[in-house]
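**Student:** Sequence first, predicted model second:
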Amino acid sequence: MIRVRAATQADLPALTDLYNHYILNTPVTFDLEPYGPDGRRVWFDQHAETGPHRLLVAEQDGEVLGYATSSRWRPKAAYDTTVETSVYCRHDATGRGVGTRLYDALFAALATENVHRIVAGMTLPNDASRALHERFGFTHVGDFAEVGYKFGRYWDVAWFQRGMRL
């Protein structure tokens, strides 16, 4: 059975390994070099069990299958009620509803927080991520053309948004 819970420090190595797969094998993140767990600690520490900036993990039989975050979108105070969300599933756990479970839990956790708007960006093409975000009420607001360079080519990024209360 898949269980979604708040991330703990003990999850950091598995979260790092999961993310490193995407760094090394896909354009979905524009990081170019893999991390060690210590290199991801600053990112991890930006999230808490309460408040608008969360980090949730999906696990099954003690193994991390994926994670979802809500993070600060921009560093100016006027943006504090907007969060950016993302979901990463372990490469061998995609297509099993893990992302849906994570977003269900994340948005339920954020329902009592001072969050007004949620944004998400995705490297194109990414049909699975687009479908997940649209299923959760996100609408496409525009694309940035050729803003990331990885694997010898430029990539576009699509941006989506939704209100916290649909």
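**Tutor:** Noted; the coordinates are in hand.
**Student:** which residues does the residue nearest the centre of the chain contact?
**Tutor:** Centroid-nearest residue in the chain, with C-alpha atoms, centre = their mean: residue 86, separated by 1.7 Å. Neighbour list for residue 86: 68-69, 71, 120 [criterion: C-beta atoms under 8 Å, 6 or more residues apart in numbering]. Placement of C-beta: from N, CA and C, glycine included.
**Student:** repeat that with 10 Å
**Tutor:** 28-29, 67-71, 102, 106, 120-122, 129 (C-beta atoms under 10 Å, 6 or more residues apart in numbering).
**Student:** what's the spacing between the helix or strand it falls within and its chain's center?
**Tutor:** Per DSSP states H and E, residue 86 falls inside strand 82-89. Distance of strand 82-89 from the chain centroid (C-alpha atoms, centre = their mean, to the nearest Å) equals 3 Å.
**Student:** quick check: mean pLDDT across it?
**Tutor:** Mean pLDDT, computed over strand 82-89, is 98.
**Student:** What pairs with it, parallel or antiparallel?
**Tutor:** strand 63-72 (antiparallel), strand 117-123 (parallel) (DSSP bridges).
**Student:** re earlier: buried subset of the contacts of residue 86?
**Tutor:** Using 16 or more other C-beta atoms under 10 Å as the burial test, these include 28-29, 67-70, 102, 106, 120-122, 129 as buried.
**Student:** now these in CSV, with pLDDT?
**Tutor:** Formatted as CSV, these follow (pLDDT from 0 to 100):
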residue, pLDDT
28, 96
29, 97
67, 98
68, 98
69, 98
70, 98
102, 98
106, 98
120, 98
121, 98
122, 98
129, 96
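**Student:** For residue 160, state which of the residues you listed is nearest.
**Tutor:** residue 120 (4.9 Å; C-beta to C-beta).
**Student:** what's near enough to touch the closest one?
**Tutor:** Counting by C-beta under 10 Å, 6+ apart, residue 120 has contacts 83-87, 103, 129-130, 132-133, 136, 138, 158-162.
**Student:** Mind jotting down where the strands sit in the chain?
**Tutor:** 3-6, 55-60, 63-72, 82-89, 117-123, 139-150, 153-163 (DSSP state E).
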